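**Student:** predicted model, plus sequence, below.
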Amino acid sequence: MDKFDCKHDQLEVIRASEYSPGFLNRQLILLLSTGGVPDTVFIQLQDDIVEDIRKQDAAQLLKEHGSRFPRNVLHCLTEMVRNKLTMEPFLHQSIASLASVTLQDLCSRSRIPVKKAGFFLGVMDEERILNYGQVFLSVRSQSQSGMSRVDVITGAVVVGKNPCYHPGDIRVLECVDVPALHHLVDCIVFPQRGHRPHPNECSGSDLDGDMYFVSWDKRLIPPLMYEPMDYTPPAPIHRATGRVVVDMANHFVDFLKSDELGIISNSHLALSDSSADGALSAECLELARLNSLAVDYPKTGVPAVMDHITVNQYPDFMQKPGSRQKIYKSHKILGRLYRAACSGKTVVETERPSLADSHIAAPVASVVNGAHGGGGGGGHHPAVSVADSCAAHQTVNIASLHYHCDGDLMVDVSDQDVADARSSFKKYRKRLASLMQSHGVKCESDLFTATFASDQRGAPKTDRYDARQRLHFELSRVLSNFYEREFLGSVGAGDASASSESSHCECFDEDDWLSNEKQYLAKAAAWYTVSYQQQLCSEGSSQKDACHSFPWIAHRQLCVLKRKRAEESRLFQAYSRY
């Protein structure tokens, strides 16, 4: 099919299929509850996450919730845990920040991670094997040994597409095992057959790169499934005058004036809570229809007019700081989840830790008992135990924690390596400060988890996902460039042109490594040493100046050095017995 004439004949890949951890949000919870999923299921899922954060070690927390980090940073942190580098401030502040932002998301957005769920790219069954009502899904995962495996999901699954407003947007389909489709991994395969495409039933979506929420957790399978809404767009309104530039400008201005998506979303959430019929009320069904019109407006020119629908009061889970809106206490599931999450919320302020002492005072953060129960947060090494949930608005400051330099990574290095490391450190800290300022991020740990100041106020000014993706891309490019230019550049034959998200952990020349191993390890040790020295010298500076991530740009080399020194120590101890 030729949509338009074009001389461009290159194939461009925008997105590849990959597993993305699944989570519920307010819209999904609302519609699943409308379909008959008991409130106790959502409450139990939320309590399980809080308990997991309180009890799990760093490796498990990174596995379950690590998608908040860029992939190369997640790889670095995982390698640090695997090599027992669990006393490092960069790992500690990253884990504390990850725990904090996960709990904060529970309170502000009811963002509940679901272990048996994911977001998957939707594709079509080219073999015409699947029947209507069937889908195929195989998920790649890692075993305890670190080996990759593929699991084929079978049985009933719940499928949805964000955003979703109509009760019929939630579909219960049957996952079947089809050997002919085993080559399709980390994507959900929809059938060709049937009177209507399943993707269109899910919020009127299609297979042009849309991501679908899929869960095989039996507790989330709703006993009721409603008829999907008709998402057929209206006939386009043609206002062309023949003056292309003027027509484009008029269309753009009309779009800005008619953009009601945010108002429709908030109104739907408020009315579904206040109405006895919830998402099945006449107002909410009308808002679902208006949302479809608003989404299609750029293509049809038909505006979504909601003058006849007004909201007079809002539930407590929608309240905003400083707002004069009339607020009431919600007794439905979203209100119950909100109050339960806020009563056990932890806000961890990851300030610059003190490095003056030669010991560590606590494993990761002080523990403050909250609504979800007390208990110590200590853990055995090499695991890093994460802080308990805390009382609402309680701040846990880990600036008073003391870390020690790992002796295995402190080796004799040349004056030139130290001088080069100091120069690179200053450049890196300046670059991170620039990123934090341009993206409105307050400290290094928030930079790596893409936690914006607007997130913490509950009133983000831009789309969270897009903003986070942009920050992840820029941060990954900085890490890649510093690894290529500052670290590899003066030792081996590093290529300074790399800028992809994963290049700094995948760019590895084995021949170059074997011929320059000693120089690489010495330079990594110099970066590690200088990182501690520089931050000891700036002890009085603010938390935004902390730069604990610097040496871990070369985490591959530091992990190799750690293993080598550990092996030397083991052999020395074995020899000393004789």
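**Tutor:** All right, it came through fine. Residues are numbered from 1 along each chain as shown.
**Student:** from here on, just use CA atoms for contacts and neighbour counts.
**Tutor:** OK.
**Student:** any low-confidence regions in the stretch 401-550 of the chain?
**Tutor:** Filtered on pLDDT under 70, the stretch 401-550 of the chain yields the residue ranges 401-404, 453-464, 490-515, 534-545.
**Student:** how about a cut-off of 80?
**Tutor:** Scanning the stretch 401-550 of the chain for pLDDT under 80 picks out the ranges 401-405, 411, 452-466, 489-516, 533-546.
**Student:** would residue 121 count as being in a strand?
**Tutor:** Yes: looking at residue 121 with DSSP: H, G, I helix; E, B strand; the rest coil, it is inside a strand.
**Student:** run through the strands of the stretch 1-150 of the chain in chain order.
**Tutor:** Using DSSP state E, counting those that start in this stretch, the strands of the stretch 1-150 of the chain run over 20-24, 112-124, 134-142, 148-152.
**Student:** what is the first one packed up against?
**Tutor:** Applying 3 or more C-alpha pairs under 8 Å, 6 or more residues apart in numbering; DSSP states H and E, one finds that strand 20-24 makes contact with strand 112-124, strand 211-215.
**Student:** and the angle from that strand to strand 211-215?
**Tutor:** Counting by axes from the mean of the first three to the mean of the last three C-alpha atoms, to 10 degrees, strand 20-24 lies at 70 degrees to strand 211-215.
**Student:** who does strand 20-24 pair up with?
**Tutor:** strand 112-124 (antiparallel) (DSSP bridges).
**Student:** report the buried residues of the partner strand.
**Tutor:** By 16 or more other C-alpha atoms under 10 Å, the buried positions in strand 112-124 come out as 112-115, 117-124.
**Student:** still on that earlier bit, the strands of the stretch 1-150 of the chain: which one's closest to residue 194?
**Tutor:** With C-alpha to C-alpha as the measure, strand 134-142 is the member of the strands of the stretch 1-150 of the chain nearest residue 194 (10.2 Å).
**Student:** show the average pLDDT along stretch 152-162.
**Tutor:** Averaging pLDDT along stretch 152-162 yields 97.
**Student:** please write out the alpha-carbon positions of that stretch in PDB.
**Tutor:** What follows is stretch 152-162, C-alpha atoms only, in PDB (Å, rounded to 0.1, in the frame of the first residue of the first chain):
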ATOM      1  CA  VAL A 152       4.900 -19.000  27.000                       C
ATOM      2  CA  ILE A 153       1.800 -17.700  28.800                       C
ATOM      3  CA  THR A 154      -1.300 -19.800  28.700                       C
ATOM      4  CA  GLY A 155      -4.800 -19.300  30.100                       C
ATOM      5  CA  ALA A 156      -7.000 -16.200  30.600                       C
ATOM      6  CA  VAL A 157      -5.300 -12.800  30.500                       C
ATOM      7  CA  VAL A 158      -6.700  -9.300  30.900                       C
ATOM      8  CA  VAL A 159      -5.700  -6.800  28.200                       C
ATOM      9  CA  GLY A 160      -6.000  -3.100  28.100                       C
ATOM     10  CA  LYS A 161      -4.600   0.000  26.400                       C
ATOM     11  CA  ASN A 162      -3.900   3.300  28.200                       C
END
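**Student:** as TSV, the helices and strands packed on strand 20-24 with distance to residue 72 and mean pLDDT would be great.
**Tutor:** TSV is the format used below for the helices and strands packed on strand 20-24 (distance: least, C-alpha to C-alpha, whole Å; pLDDT from 0 to 100):
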stretch	distance to residue 72	mean pLDDT
strand 112-124	20	94
strand 211-215	22	97
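**Student:** residues contacting the most centrally placed residue in the chain?
**Tutor:** Centroid check for the chain by C-alpha atoms, centre = their mean gives residue 68 as the closest residue, at 3.1 Å. Residues near residue 68 by C-alpha atoms under 8 Å, 6 or more residues apart in numbering: 98, 449-450.
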